[in-house]
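**Q** Quick one: sequence and predicted model below, then my questions.
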Amino acid sequence: MGQEAVNAGILAAIKYSPYEVYRHCTHRQQPIISKTIGDDPFLGELMNKRTGLLHGTSGEYHLVSLKDKLLPMCGILAAGLLSSTVYAWTMKQQGMKDAVVLCSIGDGAMSEGAAYEGMNLAAILELPILYVIENNGVAMTTPLEDEAPIDDLYLRAAAAGMKGCSVDGNDVEAVTETLMEGLALAAKNQPNVVELKTWRWQVYYVGDDQKMYRETSFLDNLDAIDPMKLYEKKLIERGIADEAFLKKAY
């Protein structure tokens, strides 16, 4: 639904990175969670069944599986950033070499005080952590321009003296390559921030009328920002795939 390149890019960066990557996910990243713990344990948890990873007791918002490198999730906005930062501190204290944390947060979480506290702590302690801001332009029903005076949220990393950058979150190759660079910095105990700019196509909840709080003209030409179609075009241009192959793939 428009944010596939973020999930695919994070998964690819984790797969091809030479480091052990412990990950903190948001509710937007169900594919990452499912790939991490397995489809059946994840779906079982979503449906509150005993077959779930935690026997149906946690649902989606409180999943954790350290053996699978899935760090604790939390229903409180930005709280997972703090716990992930502390986990990175623990890893450093225990001398875990070639191990890093990839902490994903949304644009809404970046308005929480906890985000600043965690990033400040990471910079002071020089922790092996990469913060990934999945900026889809709207926090529930609040457009970015109504909650932030800047368009580039990665700039807030500068307040903690950290490196940061922003890339097209609809370009899966750009996402993958930039995240791998960020993980390499984190492995050197240089915490940093990568902002992935994308679009939220759908309403936030059943019955939500997003036209009430944001401009929706972009919905008239989704092909221009669809990460699936954009990557299909690249593959065809490079001769890696053709229309027949892609049609069969679906």
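**A** That came through fine. Numbers count the residues shown, from 1 in each chain.
**Q** burial count for the nearest residue to Tyr213 once chain neighbours are set aside?
**A** The shortest distance from Tyr213 to any non-neighbouring residue, by Cβ to Cβ, 6 or more residues apart in numbering, is to Thr141 (5.0 Å). From N, CA and C alone the C-beta is placed, and that goes for glycine too. Other residues lying near Thr141 total 15 when counted by other Cβ atoms under 10 Å.
**Q** neighbouring contacts of the helix or strand of the chain with the lowest mean pLDDT?
**A** Least confident element among the helices and strands of the chain, by mean pLDDT, DSSP states H and E: helix 243-249 (a mean of 88). For helix 243-249, the surrounding residues in contact (Cβ atoms under 8 Å, 6 or more residues apart in numbering) are Glu232, Leu235, Ile236.
**Q** Likewise for stretch 64-76?
**A** With Cβ under 8 Å, 6+ apart as the contact definition, stretch 64-76 has outside contacts at 20-26, 33, 36-37, 53-54, 58, 60-63, 80, 83-84, 87, 101, 103.
**Q** Report the secondary structure state of the spatially most central residue of the chain.
**A** In the chain, the centroid-proximal residue (Cα atoms, centre = their mean) is Ser104; its distance is 4.0 Å. Classification of Ser104 using DSSP: H, G, I helix; E, B strand; the rest coil returns strand.
**Q** And for it, nearest residue in space, chain neighbours not counted?
**A** Using Cβ to Cβ, 6+ apart, the nearest residue to Ser104 is Val132, at 4.7 Å.
**Q** in the sheet, who's paired with that neighbour?
**A** Ser104, Val194 (DSSP bridges).
**Q** All set, thanks.
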